[in-house]
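Participant: Need the 3D shape of this:
(2 chains)
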Amino acid sequence: MRAWLGLVARDLALARRNAGDTLAAIAFFLLACGLFPFAVGPDPMVLARMAAGVVWVAALLAALLPLDRLVGSDYEDGTLDQLLVSGLHPAALAVAKAAVHWLATGVPILLAAPFGAVMLALPLRAVPVLVAALALGTAVLSLLGIAGAALTLGARRGGVLLPLLVLPLTIPVLIFGAAAVEAGSVGLAVGPHLAMLGALLAAALPLAPLAAGIALRSAVE
Amino acid sequence: MQGESGAAVLEARDLAGERGGRLVFAGVSFRLARGEALVLVGANGAGKTTLLRVLAGLGRVAEGVLAWEGESVAEDLLAHAARIALLGHLDALKPQLTVFETLRHEARIRGGSAEEAIAAVGLEPLAGAPVRILSAGQRRRLALARLMLGGRPLWLLDEPTVALDAAGVGTLGRLVSAHRAGGGMVVASSHLDLPIADARTLRLAA
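Facilitator: The predicted model follows:
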């Protein structure tokens, strides 16, 4: 556990030094949200209708941005070899990477989400639901993303392959996440939707790191 | 040689390894007991790096058996990983961290003392400097310092003298001697003379 925390601490320190990656993800998220009023017109009714979906899609795409570097740089500079002989289980490495991705990208997007929502005229009472749903959804995305990043290691054009691999897997997250916000904005029960997101997280937590761990091992062979 | 009489800890029997689906070496057998060192020699492409990666559990054993105290390494790769200290071609350093931060994080992951490791390779004056500004030789010294963390019994060194100056080679020799005196084992590859006393040599044919 101490070793695992040491790895998380190191990668968080690196993420802090590379704060530009986090800022780029937030800027991308806010810009993507901000483009929609220009494209579909400023009518608050129209915007509010699509706000939930737009915020979710923008958040998923923004969270994908720093993913390939997170594992790719370790692969290229030999750190992955060192981590695989550190004695940590490869799946534990993947969980650590996902945790760092969530803390360095997911959480900042959560904090920016209310601003994106306001730009899209999402009813204010739906904002807490949006943040709660995004908290669960971005965690699932971090786990799926690390598995995708591990699988595309060493592949030429891995950066292009990664979204093609990961985005289809995020469809269930998108459906229940957007539905939760939708329900929140019209005052319906949001519990079932959040519970489904929690269930997706519970499924991704063991499966994605196991797949990622196997992929990491075969990437260095 | 002291080693032949001691009980072999690491044993390779008819080992073969492949790179990119092509067999690069085959029929490699050796036994290594505590305190012993083995130097791999051979032409470029003879499979020295591939063999070291196989010994580290990173590369697949294509044929043959690699055993640790009689147990096949493939049975428990994770336990084997915890025995390894690896110095690869790549230094595995992050330019954004300082020398001390690098080793402090590594020490938390592997155990051991960052301060001692820095002192052993003579990098104290640069402890606060970012890895970004280190020269190639200083980076190599920092990578050497990582070997000392966690008390790993098997050191695998791939061309350890690359980029090191005479003093650095001397440091490497001292670290290896101390490691072997404590019962550690070393497998190193090189096409130059290594500062490793009474090591056995294993020649890989290209």
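
Participant: Name the spans of chain B whose pLDDT lies under the cut-off.
Facilitator: B:1-6, B:206 (pLDDT under 70).

Participant: Bridging across strands, which residues link to the residue nearest the centre of it?
Facilitator: By Cα atoms, centre = their mean, chain B has its centre lying nearest to residue B:156, at 1.9 Å. Under DSSP bridges, the beta-bridge partners of residue B:156 are residue B:86, residue B:187.

Participant: Could you pull up the residues touching the residue nearest to residue B:199 when sequence neighbours are not counted?
Facilitator: Of all residues not flanking residue B:199 in the chain, residue B:37 sits nearest, at 3.8 Å (Cβ to Cβ, 6 or more residues apart in numbering or on different chains). Bear in mind the C-beta positions are built from the backbone N, C-alpha and C, glycine included. Residue B:37 makes contact with B:176, B:180, B:185, B:186, B:187, B:188, B:196, B:198, B:199, B:200, according to Cβ atoms under 8 Å, 6 or more residues apart in numbering or on different chains.

Participant: Off-centre distance for the longest helix that chain B contains?
Facilitator: Secondary structure assigned by DSSP state H gives helix B:166-181 as the longest helix of chain B. Relative to its parent chain, helix B:166-181 has a centroid offset of 13 Å by Cα atoms, centre = their mean, to the nearest Å.

Participant: And the contacts of it?
Facilitator: B:35-37, B:120-122, B:137, B:140-141, B:144, B:147-148, B:155, B:160-161, B:164, B:186, B:188, B:195-197.

Participant: ok, the residue nearest to the centre of chain B to residue B:54 distance?
Facilitator: Residue B:156 is 10 Å from residue B:54, where distance means Cβ to Cβ, to the nearest Å.

Participant: can the lengthiest helix in chain A be found next to chain B?
Facilitator: Once chain A is assigned using DSSP H, the helix that runs over the most residues is helix A:191-220. Yes: applying Cβ under 8 Å from any Cβ of the partner chain, one finds helix A:191-220 in contact with chain B at residue A:220.

Participant: Report the beta-bridge partner residues of the residue nearest to residue B:199.
Facilitator: Beta-bridge pairing for residue B:37 (DSSP bridges): residue B:186.

Participant: Next, the contact list for the residue nearest to the centre of chain B, please.
Facilitator: B:52, B:55, B:56, B:84, B:85, B:86, B:87, B:187, B:188.

Participant: go with 6 Å
Facilitator: Residues near residue B:156 by Cβ atoms under 6 Å, 6 or more residues apart in numbering or on different chains: B:52, B:55, B:56, B:86, B:187.

Participant: need those residues in TSV with neighbour count, can you?
Facilitator: Listed next are the contacts of residue B:156 as TSV, based on neighbours: other Cβ atoms under 10 Å in any protein chain shown:
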residue	neighbour count
B:52	25
B:55	26
B:56	25
B:86	27
B:187	25
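
Participant: returning to what we had before: nearest to chain A among the contacts of residue B:37?
Facilitator: Nearest to chain A, judged by Cβ to the nearest Cβ, of the contacts of residue B:37 is residue B:187 at 13.5 Å.

Participant: Apart from its neighbours in sequence, what residue is nearest residue 141?
Facilitator: You didn't pick a chain, so chain A it is. Per Cβ to Cβ, 6+ apart, closest to residue A:141 is residue A:63, 5.2 Å.

Participant: please go with chain B instead
Facilitator: Leaving aside its sequence neighbours, residue B:141 sits nearest to residue B:121 (Cβ to Cβ, 6+ apart; 4.4 Å).

Participant: Run through the helices of the chain in chain order.
Facilitator: Assuming you mean chain A. Taking DSSP H as the criterion, chain A carries its helices at A:2-17, A:19-40, A:44-64, A:67-77, A:79-84, A:90-101, A:107-119, A:127-151, A:158-166, A:171-185, A:191-220.

Participant: if you could check chain B rather than the one you did, that'd help
Facilitator: B:48-55, B:77-81, B:99-110, B:114-120, B:136-147, B:166-181.

Participant: if I look at residue A:41, how far off is residue A:47?
Facilitator: Counting by Cβ to Cβ, the gap from residue A:41 to residue A:47 is 8 Å.

Participant: These two: which is more packed in?
Facilitator: Neighbours were counted for residue A:41 and for residue A:47 using other Cβ atoms under 10 Å in any protein chain shown; residue A:47 has more, 18 against 9.

Participant: What's the separation between the closest residue to that one other than its chain neighbours and chain B?
Facilitator: Distances taken as Cβ to Cβ, 6+ apart place residue A:121 nearest to residue A:47, at 4.3 Å, with adjacent residues excluded. The span separating residue A:121 from chain B equals 40 Å under the rule Cβ to the nearest Cβ, to the nearest Å.

Participant: Got the confidence number for residue A:121?
Facilitator: Looking at residue A:121, its pLDDT stands at 90.

Participant: cool, and the one 10 residues further on?
Facilitator: The predicted local distance difference test score for residue A:131 is 95.

Participant: That one: neighbouring residues, count only.
Facilitator: Around residue A:131 there are 16 residues (other Cβ under 10 Å).

Participant: and if you look at residue A:128?
Facilitator: By other Cβ under 10 Å, the residues close to residue A:128 number 12.

Participant: who's in contact with residue A:90?
Facilitator: Contacts of residue A:90 by Cβ under 6 Å, 6+ apart are A:213, A:216, A:217.

Participant: So the second one is in contact with residue A:150, correct?
Facilitator: Yes: with contacts counted by Cβ atoms under 6 Å, residue A:216 reaches residue A:150, the gap being 4.9 Å.

Participant: Show the contacting residues for residue B:41.
Facilitator: With contact taken as Cβ under 6 Å, 6+ apart, residue B:41 is in contact with B:201, B:203.

Participant: I'd like to know the beta-bridge partner residues of it.
Facilitator: Here residue B:41, judged by DSSP bridges, has bridge partners residue B:203.

Participant: So it versus chain A, what's the distance?
Facilitator: For residue B:41, the distance to chain A equals 23 Å [Cβ to the nearest Cβ].

Participant: what sits in contact with each of residue A:216 and residue A:150?
Facilitator: Residues touching both residue A:216 and residue A:150 (Cβ under 6 Å, 6+ apart): none.

Participant: returning to what we had before: buried residues, the longest helix of chain B. List them.
Facilitator: Neighbour counts over helix B:166-181 (16 or more other Cβ atoms under 10 Å in any protein chain shown) mark B:168, B:169, B:171, B:172, B:173, B:175, B:176, B:179, B:180 as buried.

Participant: export these to CSV and tack on distance to residue A:130?
Facilitator: Below are those laid out as CSV (distance: Cβ to Cβ, whole Å):
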residue, distance to residue A:130
B:168, 56
B:169, 60
B:171, 57
B:172, 57
B:173, 62
B:175, 55
B:176, 58
B:179, 56
B:180, 61
